[in-house]
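**Q** Predicted model and sequence follow; I will ask about them next.
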Amino acid sequence: DIQLTQSPSSLSASVGDRVSITCRAGQSVANYLNWYQWKPGQAPRLVIYGASTLQNGVPTRFTGSGSGTSFTLTISGLHPDDFATYFCEQSYSSPRTFGQGTKLEIK
Amino acid sequence: QVQLVESGGGVVQPGTSLRISCTASGFTFSNYGMHWVRRSPDRGLQWVALILPDGDNTDYADSVKGRFTISRDNLKNTLYLHMNSVTADDTATYYCAREGASWSGSDAFDIWGQGTMVTVSS
């Protein structure tokens, strides 16, 4: 199984800040890396797929980058609605695996 | 409105069986691969199973292979997970998720339900 390690596990930031979350894979997943936003009591929301493609309807302040084993989700200009937990997930090979999550909290 | 709604969770005893369901609406269910994913405090997020649009092809996590069966009824727009010989390790919230269409260029989970909780306890 391909292990995904996210860092940091939690992050405190203020509205308007720029934040980055990293996801490292135990082996190459090419660009088959997806990012999800998860808020308590809600269904998860796909934010980025294919490492860098913005899902329809997701604000352009979200960007994804990376390939191979190292990936980054960046949110430029945090909005109040962005405070949530973010997960990475690889769709390169079965079984699909997830990172442990990064909780983004308001400072 | 594109939506997935899970149901059927509950408290079950170890060694018993349970079937959970996921009803889809707002899209052509028969065109999409569907997955079950579970989340627990101990193990985080874990992919469980996949079924392709035709229902003939499936894949499972090793931890559930031989115990769980994923199936679908495309006429009822419903996905199922039959869980047999459950153990405490199967305690989790179970989510159904739609895989992006092959023509979309994405195989990510683009639609998720809100989950149904399964607790295995004596």
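**A** Looks like it came in fine. Numbering: from 1, shown residues only, chains lettered A, B, ... in the order given.
**Q** quick one: stretch B:70-80 near chain A?
**A** No - Stretch B:70-80 is not in contact with chain A by CB under 8 Å from any CB of the partner chain; minimum separation 13.4 Å. Where you see a C-beta, it was placed from the backbone N, CA and C, and this is true even at glycine.
**Q** tell me which residues in that stretch are buried?
**A** B:70, B:72, B:74, B:77-80 (16 or more other CB atoms under 10 Å in any protein chain shown).
**Q** Greatest separation within those residues: which pair is it?
**A** B:Ile70 and B:Asn77 (15.3 Å; CB to CB).
**Q** List the residues that contact the residue nearest the centre of chain B.
**A** Note on chain B: the residue nearest the mean C-alpha position is B:Trp36, at 2.6 Å, using CA atoms, centre = their mean. By CB atoms under 8 Å, 6 or more residues apart in numbering or on different chains, the contact list for B:Trp36 reads B:22, B:47-49, B:70, B:79, B:81, B:94-97.
**Q** quick one: B:Trp103 is in a helix?
**A** Yes - counting by DSSP: H, G, I helix; E, B strand; the rest coil, B:Trp103 falls inside a helix.
**Q** what's the neighbour count on it?
**A** Here the number of neighbours of B:Trp103 (other CB atoms under 10 Å in any protein chain shown) works out to 7.
**Q** And what about the residue nearest to the spatial centre of chain A, helix, strand or coil?
**A** Nearest residue to the geometric centre of chain A (CA atoms, centre = their mean): A:Trp35, 3.8 Å. What three-state DSSP gives for A:Trp35 is strand.
**Q** for the contacts of B:Trp36, which one is nearest chain A?
**A** The nearest member of the contacts of B:Trp36 to chain A, counting by CB to the nearest CB, is B:Trp47 at 4.2 Å.
**Q** Up against chain B, what does chain A have?
**A** A:32, A:34, A:36, A:41-46, A:49-50, A:53, A:55, A:87, A:89, A:91, A:94-98, A:100-101.
**Q** can we see that at 10 Å?
**A** Within chain A, the positions near chain B by CB under 10 Å from any CB of the partner chain are A:1, A:4, A:32-36, A:38, A:41-50, A:53, A:55-56, A:87, A:89-92, A:94-101.
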